[in-house]
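Colleague: Need a 3D model of the sequence below.
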Amino acid sequence: MRPRVGLLHYTCPPVIGGVETVLYEQATRLSALGYPVTILAGRGGPLPSPTNVQLVIIPDLDSKREQSSDSLTLERLKPQLRSLDVLIVHNALTLHFNLSLTAALWTAAGEGGPRIVSWCHDLSWANPLYLPLLQPNPPWSLLKQYNPKIRTVCVSEQRRQQWLQLSGAPAESALVIPNGIDAAGVLRLGPATRDLSDRLGLDRVDALLLAPVRITKRKNLEWAIEAAAAVRASGRRVRLLITGPPGPHNPRALDYVGELRELRRRLGLEEEVTFLFEETGRAASADYPIDAQTLYDLYMLSDVVTLPSSGEGFGLPLAEAALYRVPVVCTDLPAFREIASEGVRYVPVESGAKAFSDAVLEALADPGTGLRRRVLREYSWDRIIREQLEPLLSEAP
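Modeller: Residues are numbered from 1 along each chain as shown. As a prediction, this is how the structure comes out:
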């Protein structure tokens with residue numbers, strides 16, 4: 001049975017703030033995974049969209065309200081605490097904006113109620129602007145005092161080090177769980193793309209290569225597959241997506257597909273190289289496996305567009321990639337040069353597959369490409385919830 005989770009902050013959406021956004025993301029994503037979730041806040045609501053998350057407003061929790069005594073605050077919290085297994089407290093144990101609440105939570109931690117997690121975004125005692133307002137005695141001193149009955153989570157290593165220095169807490173008592181980003185929401189990915197990304201684990205790779213072309217011999221897709229092998233050999237988790245179906249006019253197109261599949265098998269890339277026409281996504285049409293919107297979404301998600309054609313009359317994928325500012329590695333063809341005389345990595349056709357692979361590795365080594373992929377991979381809310389928050393919730397009391 002999943003633990004019953006409470007998330008507490010002074011305010012909640014639609015009140016606008018970074019902590020409020022984090023609290024809401026945690027609440028809705030945990031609820032979608034089947035956790036019973038309750039938000040406890042002093043002000044806010046109703047929540048922005050339909051959700052199974054329960055919202056309980058307790059005015060004593062508000063940072064702007066005239067503060068009650070800590071015993072009265074605790075008395076008003078207790079009915080909710082009885083129905084929780086874990087209470088995640090955002091900032092109220094490390095900021096001075098409601099000291100009655102801070103003291104009440106300290107008392108609750110010693111009374112055998114829910115496990116309390118102090119989620120530290122900010123520290124009053126580490127902020128020069130707040131230091132003149134603070135006093136050395138309780139309850140102010142509680143904001144920098146280690147409590148072995150309260151688990152501490154900091155949003156960055158910097159915050160963790162500040163907390164450890166202030167509190168003298170054992171290093172193992174505090175961990176880092178960063179804030180996440182809803183990349184699919186920011187990039188406005190369509191439902192078909194989200195489904196494809198989930199099925200293929202696109203958020204878990206280190207490099208996403210895109211070959212946005214039909215499968216015909218002159219597209220020379222062997223080089224793209226060999227480039228994927230080179231990326232994997234460099235120690236990266238890679239996925240190559242070949243978006244198009246076999247060419248509709250050449251009866252030998254399926255023979256070429258067979259050759260590519262055999263190359264994929266021989267290089268051991270069955271998991272890394274995906275022909276999207278083999279996928280049965282919801283966006284599939286009669287002759288093309290994905291619709292235009294999903295293709296555009298894949299441009300936004302990809303790290304390098306690979307165009308190893310041996311001949312072209314035009315280069316529409318190159319132009320599309322330019323609109324999405326995706327690095328392009330392509331063969332040095334006059335049609336491509338007409339579109340982009342610079343700004344892409346050209347590989348002469350006679351240079352061969354290894355030169356093409358080297359150019360792809362060069363593109364991936366660009367700091368901007370690496371940062372973007374790191375954000376997509378490491379700061380995904382889904383990954384943070386799955387790999388860090390859920391194990392925290394399952395910790396023994």
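
Colleague: What are the buried residues along the strand or helix carrying Thr369?
Modeller: Element membership of Thr369 [criterion: DSSP states H and E] is helix 367-378. Residues of helix 367-378 classed as buried: Thr369, Arg372, Arg373, Leu376, Arg377 (neighbour count, 16 or more other Cβ atoms under 10 Å). The way it works is simple: take the backbone N, C-alpha and C, and place the C-beta from them, glycine included.

Colleague: Show the subsequent helix or strand relative to the host helix or strand of Ser31.
Modeller: Using DSSP H and E, Ser31 sits in helix 18-32. Note on helix 18-32: by DSSP H and E, the next helix or strand toward the C-terminus is strand 37-43.

Colleague: packing partners for that next one?
Modeller: strand 5-11, helix 18-32, strand 54-57, helix 70-81 (3 or more Cβ pairs under 8 Å, 6 or more residues apart in numbering; DSSP states H and E).

Colleague: Between these, which has the poorest mean confidence score?
Modeller: Note on the helices and strands packed on strand 37-43: helix 70-81 shows the lowest mean pLDDT, a mean of 93.

Colleague: helices and strands around that helix, which ones?
Modeller: Contacts defined by 3+ Cβ pairs under 8 Å, 6+ apart place helix 70-81 against strand 37-43, helix 99-109.

Colleague: Torsion angles phi and psi at the nearest residue to Asp382 once chain neighbours are set aside?
Modeller: Closest residue to Asp382 apart from its sequence neighbours, by Cβ to Cβ, 6 or more residues apart in numbering: Asp203 at 6.8 Å. Note on Asp203: its backbone torsions stand at phi -80, psi 0 [degrees, to the nearest 10].

Colleague: who's in contact with Asp203?
Modeller: Contact analysis of Asp203 by Cβ atoms under 8 Å, 6 or more residues apart in numbering lists Ala183, Ser197, Leu376, Arg377, Ser380, Asp382, Arg383.

Colleague: just so I know, which of the helices and strands packed on helix 70-81 lies nearest Gly244?
Modeller: Closest of those to Gly244 is strand 37-43, at 43.0 Å (criterion: Cβ to Cβ).

Colleague: Only the C-alpha atoms, please, for that closest one, written as CSV.
Modeller: Extracted C-alpha coordinates of strand 37-43, given in CSV (Å, rounded to 0.1, in the frame of the first residue of the first chain):
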residue,chain,number,x,y,z
VAL,A,37,-1.9,13.2,-1.6
THR,A,38,-3.0,16.1,0.5
ILE,A,39,-1.8,19.7,0.2
LEU,A,40,-1.8,21.7,3.4
ALA,A,41,-1.5,25.4,2.9
GLY,A,42,-2.5,28.7,4.6
ARG,A,43,-3.7,30.3,1.5
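
Colleague: picking up where we left off before, quick one, which of the contacts of Asp203 are buried?
Modeller: Ala183, Ser197, Leu376, Arg377, Ser380, Asp382.

Colleague: ok, back up a step: going on from the helix holding Thr369, what's the next piece of helix or strand?
Modeller: Downstream of helix 367-378, the next assigned helix or strand under DSSP H and E is helix 381-384.

Colleague: next SSE after that following helix?
Modeller: For helix 381-384, the succeeding helix or strand toward the C-terminus, using DSSP H and E, is helix 390-393.
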